[in-house]
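Quick one: sequence plus predicted model below, questions after.
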Amino acid sequence: MTIGNFDGVHRGHARIVERLLARAAEVQGPAIVFTFDPHPVRLLRPQAAPPPLTWTERKSELLAELGVAAVIAYPTDEALLSLTAREFFDRIVRQELDARAMVEGPNFFFGHARAGNIDVLRTFCVEAGIGLEVVEPLLLGSEYVSSSRVRELIATGAIEEARALLTHPYRIRGMVTHGSRRGGKIGFPTANLDAIDTLLPAEGVYAAKAIISGGAWPAAVNIGPNPTFGEHALKIEVHLIGYQGSLYGQPLEVDFLRRLRGVQTFPSLDALKQQLALDVAAAQAAAESL
C-alpha cells in the first residue's frame with residue numbers, strides 16, 4: 001500500500017505507483033492507494049487549503065489507469081486526525097489493511113500534528129516485518145514534479161507545461177447553467193459551467209476537449225469576463241465544436257489542451273466574431289493533433 005493525497009496524479013505519483021505495483025507482485029497482494037477525502041488541511045487550516053486539482057472519483061480513475069487495484073478514500077474527520085503516528089500505523093496499516101509492503105516518498109508525514117515522518121515509518125515497518133521502499137521525487141529539468149508545481153502552472157495558464165508533469169490533460173468539471181445566450185445569437189453557442197470544485201486555469205481562451213454523457217467533443221473555452229459587452233463577472237463558457245442540442249442541467253467535464261490567447265476587448269461585434277472563428281479553428285486543430 002501507499003498513503004498520500006495524490007492530488008492531480010502527476011508523473012511523480014506514477015513513479016510511486018510503478019514501484020507499488022512491483023512490490024505488490026512480490027508479496028502477491030493487491031496494490032492499494034490510501035488517500036483522504038477531503039484533504040486533511042481543509043479541516044485543520046481551511047484558510048490555507050489550496051484548491052484541489054482532482055476530485056476523488058477522478059483521482060481514482062487516473063490511479064486505476066496506472067494499474068492500482070483499489071483506492072481507499074478514507075473519510076477525513078477529527079477522529080482520524082487525532083490518531084498519533086503509532087495509532088495510525090497500528091489501526092490503519094496493520095489492523096484494517098494488513099499491509100505486507102509499503103511504498104512512500106521521502107517527504108511522507110502521518111499521525112497527529114504530522115509527528116510521524118519517513119524515519120518513524122521505517123522503524124514501525126521494521127518492527128512489524130513490513131517491507132518499506134522509499135521512492136525519490138521525480139526531477140524534470142531543474143525542478144521536482146509536485147502537485148504545488150502543477151498548481152502554479154495551471155493558475156498562470158501554462159496548460160501545456162502542466163500537461164508535461166501530469167499523466168493526463170488537466171480536467172475540471174461543472175454543471176451547465178443558463179447564461180446570457182449571447183453566444184448562440186452570434187453563431188458560437190456556449191455551455192456555461194458552474195459549481196466547479198477544482199482549480200480554474202488563468203483567464204483566457206483555451207483549446208480543449210469537452211466530455212458529456214454522449215461522448216467527447218473538441219471545444220473552445222473562455223475563462224474570464226466579456227469586456228467587449230461591458231461584463232466583468234468571471235464566466236466559464238465552453239463551445240462544443242460541431243455539437244447541436246441542449247446541455248442545460250447536465251454535468252460537463254473539460255480537458256484543457258492549449259492556451260490560445262488572453263482575454264481581449266474588441267472594437268466591434270464583427271471583430272469579435274472573426275477572432276472567435278480563429279479560436280474555434282485553432283481549438284479544432286489542437287484536438288485533432290492529439
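All right, it came through fine.

tell me the contacts of Pro106?
Applying CB atoms under 8 Å, 6 or more residues apart in numbering, we find Pro106 in contact with 118, 134-137. Bear in mind the C-beta positions are built from the backbone N, C-alpha and C, glycine included.

how about 6 Å then?
118, 134 (CB atoms under 6 Å, 6 or more residues apart in numbering).

Contact partners for Ala191?
Counting by CB under 6 Å, 6+ apart, Ala191 has contacts 176, 238, 247, 252.

can you do 7 Å?
For Ala191, the contacting residues are 176, 238, 240, 247, 252, by CB atoms under 7 Å, 6 or more residues apart in numbering.

Quick check: of the residues you listed, which has the highest neighbour count?
Among the contacts of Ala191, the one with the most neighbours (other CB atoms under 10 Å) is Val238, at 28 neighbours.

still on that earlier bit, which of the contacts of Ala191 lies closest to Leu83?
Leu252 (38.8 Å; CB to CB).

What segments of this protein are strands?
Using DSSP state E, the strands found in the chain span residues 2-3, 32-37, 70-75, 101-104, 131-134, 139-140, 143-144, 171-177, 191-194, 204-212, 215-226, 231-240, 251-261.

Identify, out of the ones you listed, the most deeply packed stretch.
Greatest average neighbour count among the strands of the chain goes to strand 2-3 (a mean of 26), per mean count of other CB atoms under 10 Å.

List the contacts of that one.
In this structure, residues lying in contact with strand 2-3 by CB under 7 Å, 6+ apart are 16, 20, 33-34, 102-104, 110.

Could you dump the residues you listed into JSON lines and include pLDDT and distance to Ser289?
Output for the contacts of strand 2-3, formatted as JSON lines (pLDDT from 0 to 100; distance: CB to CB, whole Å):
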{"residue": "Ile16", "pLDDT": "98", "distance to Ser289": "30"}
{"residue": "Leu20", "pLDDT": "98", "distance to Ser289": "33"}
{"residue": "Val33", "pLDDT": "98", "distance to Ser289": "32"}
{"residue": "Phe34", "pLDDT": "98", "distance to Ser289": "38"}
{"residue": "Met102", "pLDDT": "98", "distance to Ser289": "41"}
{"residue": "Val103", "pLDDT": "98", "distance to Ser289": "36"}
{"residue": "Glu104", "pLDDT": "98", "distance to Ser289": "38"}
{"residue": "Phe110", "pLDDT": "96", "distance to Ser289": "43"}
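
Can you name the two of those residues that sit furthest apart?
Leu20 and Phe110 (16.7 Å).

Any regions of the stretch 101-250 of the chain where pLDDT drops low?
Scanning the stretch 101-250 of the chain for pLDDT under 70 picks out 180-185.

run the last query once more with 90
Along the stretch 101-250 of the chain, segments meeting pLDDT under 90 span 141-142, 178-187, 214, 225-233.

I am finished for the moment; much appreciated.
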